[in-house]
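Undergrad: could you work out the structure for the sequence below:
(2 chains)
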Amino acid sequence: MSGELSKYVRLTNAVQQTKSSKSDKSQKGLLRTWWFYVIVAVLVYFIAFWLLKPIGDEDVAGIVESYQFIGLAAVSTLVYAIVAHKFNWLSTGTGQTMMTLSIGYALYTIAEASYLILMLSTPLVPVPSIADVFWVSAYLPFALALVLTIRAIRMKFTRLMLGLWIILSVVTFTVVLAVVVVPIVAAASGPDAVSTIFSMIYPFEDMVLIVLVLVILLKFRSGEVAKPWSVLILGFILTSVGDIWYGYAVSPLGTYSVGYDPVDLFLSLGYLATIAAGLLFTRLYSSK
Amino acid sequence: MLKGLMVIHESGTPIYTFSTDKMSDDRKLLISGFLSAVESFASGTGISQDGGSIHSIRLSQSLLTFRLLSLRNEKNEEIQYFFVLLTDINSNSAPDNGALLEYVMLNFLSYNNMSFRKKMRQIGYQRDEFLEFDEFMNRIIDMDWKTIKKKIKPIPGSLLQGVLNEIRDFVTLDQILQLHPRITRLGSSYAWLSDELSEGEEKELLNRVRELITRLFGAHLYDSIVTNVEKQMVKALNS
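TA: Modelled structure (predicted):
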């Protein structure tokens, strides 16, 4: 029995070594997954939608976009719930992280749905609205999820990585602060002051998330798990760009339109990256 | 609220019973025989949903939660034990009972430097040999599940088992089970070695764990996990 076991262990070891020696395996594997093509197709659709503007009426286009946002947020919720399920929900560290992320995206889904209802029922959606309450509060579970992961990683930063993290965090903070302060100062005495200040909360929250994800990414940089975390950080960056742009578009530029606004393209791509990251997590934690 | 724990050999003999109510030996035997018969009936007839063992039975205000543990004895024959947790329905929500029982099982098997696991694998053992677990049960009896998780950490009986407990936070249970054919599920939460491994096999398995963790998370996580387990073991020895 012991001999058979050793044989089994040696055989599976050999299989694993063969697998890991093929450096292009993960790329090939990714191209074989059906969802990769779905993500690419949705990406092409979004770019085409914003460039070609297929719906003539901008208000109708805005409603279509709103439905798309609800769908994207709902899929994000589902994908992270699936990863949490793989980890037996809240009984493990990663399960808690993924479930908390899923709760954050569930709040986003409610926010998107509330925004659609407001769009359909009022001529001009106020800022802040009830939807903003859900959007802003979703950052709490997001941050909690990341803090839970950081706490679970007991390994310390090397000096080099700590230095890199501090530099990247300072750069992120400076960029966000620089671009966010301008519209706030510009609108400080105007009638849009409240809405501008409120819309600028988002980039600050995005910044906190980016800085937290950087800790995870830098600690796991040489592992396969760095890939989904990188894609997730890309999602947060795209969302942050969309949020900053939104702050400018609301005031001082006043250019924000309900349909085909580039702000919404960035936010859609942010969601798409989030979903892709979640799917990469499910693939990584697949037992096959 | 936790009301009791029973560990029953597949023959129906209780090897350990803890109850907040006083029970005579005859009553313990009667109850364990009944529970073992119910469990065997459910798994034998395929009544239970997953074709495996029964998960819980509701009796008026009490809930009996079951988990099955397979071990191999000295003759390399499979032996099964039923762990049955008795809880009060009113004060303890049902979904937590499975996790609570699995946690208690893990502590039972790791108890006293894994001596219980060794005894359970032996063919002849005395029922009284597990009585010292009362000390653990008395500690947790008045705690809720959250407090138990926070205050009582399972003491790893070996470096390997400690590492298996810790990597649950980073990889799925299915991924852990694929590491070795003798790693089995302990309920839905934990992985457990069904029997003893030789020193060489244990080393080989630890290497496989290292490879998996390093591939997924980079170079240093595995070492930090091992260091943490070693700390837990030293702390347990000192206390």
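Undergrad: start and end of stretch B:5-14, how far apart?
TA: For stretch B:5-14, the first and last residues are 10 Å from each other (CA to CA, to the nearest Å).
Undergrad: could you give the separation of that stretch from the chain centroid?
TA: The chain centre lies 14 Å from the centre of stretch B:5-14; the measure is CA atoms, centre = their mean, to the nearest Å.
Undergrad: buried residues, it. List them.
TA: Residues of stretch B:5-14 classed as buried by neighbour count (16 or more other CB atoms under 10 Å in any protein chain shown): B:5-9, B:12, B:14. Using the backbone N, CA and C atoms, a C-beta is placed for each residue, glycine as well.
Undergrad: then stretch A:177-186?
TA: Of the residues in stretch A:177-186, those buried by neighbour count under the rule 16+ other CB under 10 Å are A:179-180, A:183-184, A:186.
Undergrad: narrow those residues to those in helices?
TA: Among these, the subset assigned to helices under DSSP state H consists of A:179-180, A:183-184, A:186.
Undergrad: surely B:Val171 forms part of a helix?
TA: No: per DSSP: H, G, I helix; E, B strand; the rest coil, B:Val171 lies outside any helix segment and is coil.
Undergrad: does whichever helix in chain B runs longest reach chain A?
TA: Assignment by DSSP H gives helix B:94-121 as the longest helix of chain B. Yes: with CB under 8 Å from any CB of the partner chain as the criterion, chain A is reached by helix B:94-121 at B:Ala99.
Undergrad: likewise stretch B:218-227?
TA: Yes: using CB under 8 Å from any CB, stretch B:218-227 reaches chain A at B:218-221, B:223-225, B:227.
Undergrad: please apply the same query to stretch B:194-213.
TA: Yes: residues of stretch B:194-213 contacting chain A under CB under 8 Å from any CB: B:198, B:200-201, B:204-205, B:208, B:211.
Undergrad: and those, which of them are buried?
TA: Among those, those that count as buried by neighbour count (16+ other CB under 10 Å) are B:201, B:204-205, B:208, B:211.
Undergrad: would you mind giving those as CSV with secondary structure and pLDDT added?
TA: As requested, those are arranged in CSV below (DSSP: H, G, I helix; E, B strand; the rest coil; pLDDT from 0 to 100):
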residue, secondary structure, pLDDT
B:Glu201, helix, 91
B:Glu204, helix, 94
B:Leu205, helix, 95
B:Arg208, helix, 96
B:Glu211, helix, 96
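Undergrad: closest to chain A out of those residues?
TA: If you rank these by distance to chain A using CB to the nearest CB, B:Glu204 comes first, at 5.5 Å.
Undergrad: residue 170: how many residues sit nearby?
TA: Reading this off chain A. Other residues within reach of A:Val170 by the criterion other CB atoms under 10 Å in any protein chain shown amount to 11.
Undergrad: wrong one, I was asking about chain B
TA: Here the count is done by other CB under 10 Å, and B:Phe170 has 26 residues near it.
Undergrad: next: B:Leu237.
TA: Applying other CB under 10 Å, we find 9 residues neighbouring B:Leu237.
Undergrad: does it sit in a helix, a strand or a coil?
TA: Recorded secondary structure, B:Leu237: helix (three-state DSSP).
Undergrad: mind listing what it touches?
TA: Contact partners of B:Leu237, counting by CB atoms under 8 Å, 6 or more residues apart in numbering or on different chains, are absent.
Undergrad: and residue 127, what pLDDT?
TA: Since no chain was named, I'll use chain A. The predicted structure scores A:Val127 at 81 on the pLDDT scale.
Undergrad: my question was about chain B, not that one.
TA: Confidence at B:Arg127, expressed as pLDDT, is 69.
Undergrad: looking only at pLDDT, what's the mean for the strand or helix carrying A:Thr239?
TA: Counting by DSSP states H and E, the secondary-structure element that holds A:Thr239 is helix A:226-250. Per-residue pLDDT values across helix A:226-250 average out to 92.
Undergrad: does any part of it sit near chain B?
TA: Yes: contact of helix A:226-250 with chain B is found when judged by CB under 8 Å from any CB, involving A:Ala226.
Undergrad: other SSEs contacting that helix?
TA: helix A:159-187, helix A:193-199, helix A:201-219, helix A:262-284 (3 or more CB pairs under 8 Å, 6 or more residues apart in numbering or on different chains; DSSP states H and E).
Undergrad: hey, which of these is tucked in deepest?
TA: Between the helices and strands packed on helix A:226-250, the one whose residues have the most neighbours on average, counting mean count of other CB atoms under 10 Å in any protein chain shown, is helix A:262-284 (a mean of 22).
Undergrad: which strands or helices does that helix pack on?
TA: With contacts defined as 3+ CB pairs under 8 Å, 6+ apart, helix A:262-284 has these neighbours: helix A:34-52, helix A:58-86, helix A:226-250.
Undergrad: next helix or strand past the helix-or-strand element of chain B with minimal mean pLDDT?
TA: Lowest by mean pLDDT, DSSP states H and E among the helices and strands of chain B is helix B:25-45, with a mean of 72. Past helix B:25-45, further along toward the C-terminus, the next helix or strand under DSSP H and E is strand B:56-59.
Undergrad: then that following strand to CSV, C-alphas only?
TA: Written as CSV, here are the backbone C-alpha positions of strand B:56-59 (Å, rounded to 0.1, in the frame of the first residue of the first chain):
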residue,chain,number,x,y,z
SER,B,56,-28.9,16.7,11.0
ILE,B,57,-32.0,15.6,12.8
ARG,B,58,-34.4,18.0,14.6
LEU,B,59,-36.0,16.7,17.8
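Undergrad: which parts of it are buried?
TA: If you call a residue buried by 16+ other CB under 10 Å, then strand B:56-59 has these buried ones: B:Ser56.
Undergrad: quick one: mean pLDDT for that strand?
TA: According to the model, strand B:56-59 has a mean pLDDT of 82.
Undergrad: tell me what the following helix or strand past that strand is packed against?
TA: Tracing the chain past strand B:56-59, the next element assigned as helix or strand by DSSP H and E is strand B:62-72. With contacts defined as 3+ CB pairs under 8 Å, 6+ apart, the packing partners of strand B:62-72 are helix B:25-45, strand B:56-59, strand B:78-88, helix B:94-121, strand B:183-186.
Undergrad: hmm, back to that, so of the buried residues of stretch B:5-14, which ones are in strands?
TA: Counting by DSSP state E, the buried residues of stretch B:5-14 place B:5-9, B:14 in strands.
Undergrad: of all of the stretch 51-200 of chain A, which residue lies closest to chain B?
TA: Of all residues in the stretch 51-200 of chain A, A:Gly93 sits closest to chain B, with a separation of 3.3 Å (CB to the nearest CB).
Undergrad: can you give me the neighbour number for that residue?
TA: For A:Gly93, the tally of surrounding residues (other CB under 10 Å) stands at 18.
Undergrad: and it, what pLDDT?
TA: 92.
Undergrad: next one: the one 4 residues further on
TA: In this prediction, A:Thr97 carries a pLDDT score of 97.
Undergrad: show me what secondary structure element comes after the helix or strand encompassing it.
TA: Following DSSP H and E, the helix or strand that holds A:Thr97 is helix A:93-121. Beyond helix A:93-121 on the C-terminal side, the first helix or strand identified by DSSP H and E is helix A:130-152.
Undergrad: who are the packing partners of that following helix?
TA: On a contact count with 3+ CB pairs under 8 Å, 6+ apart, helix A:130-152 meets helix A:93-121, helix A:201-219.
Undergrad: present those helices as a markdown table; the columns should include distance to A:Leu72.
TA: Putting the helices and strands packed on helix A:130-152 into a markdown table (distance: least, CB to CB, whole Å) gives the following:
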| stretch | distance to A:Leu72 |
| --- | --- |
| helix A:93-121 | 8 |
| helix A:201-219 | 17 |
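Undergrad: lowest average pLDDT across those helices?
TA: Mean pLDDT across the helices and strands packed on helix A:130-152 is lowest at helix A:201-219; the value there is a mean of 94.
Undergrad: could you find the closest non-adjacent residue to the spatially most central residue of chain B?
TA: With distances taken as CA atoms, centre = their mean, B:Met105 lies nearest the centre of chain B, 2.5 Å away. Distance criterion CB to CB, 6 or more residues apart in numbering or on different chains; nearest residue to B:Met105, sequence neighbours excluded, is B:Phe83 at 5.1 Å.
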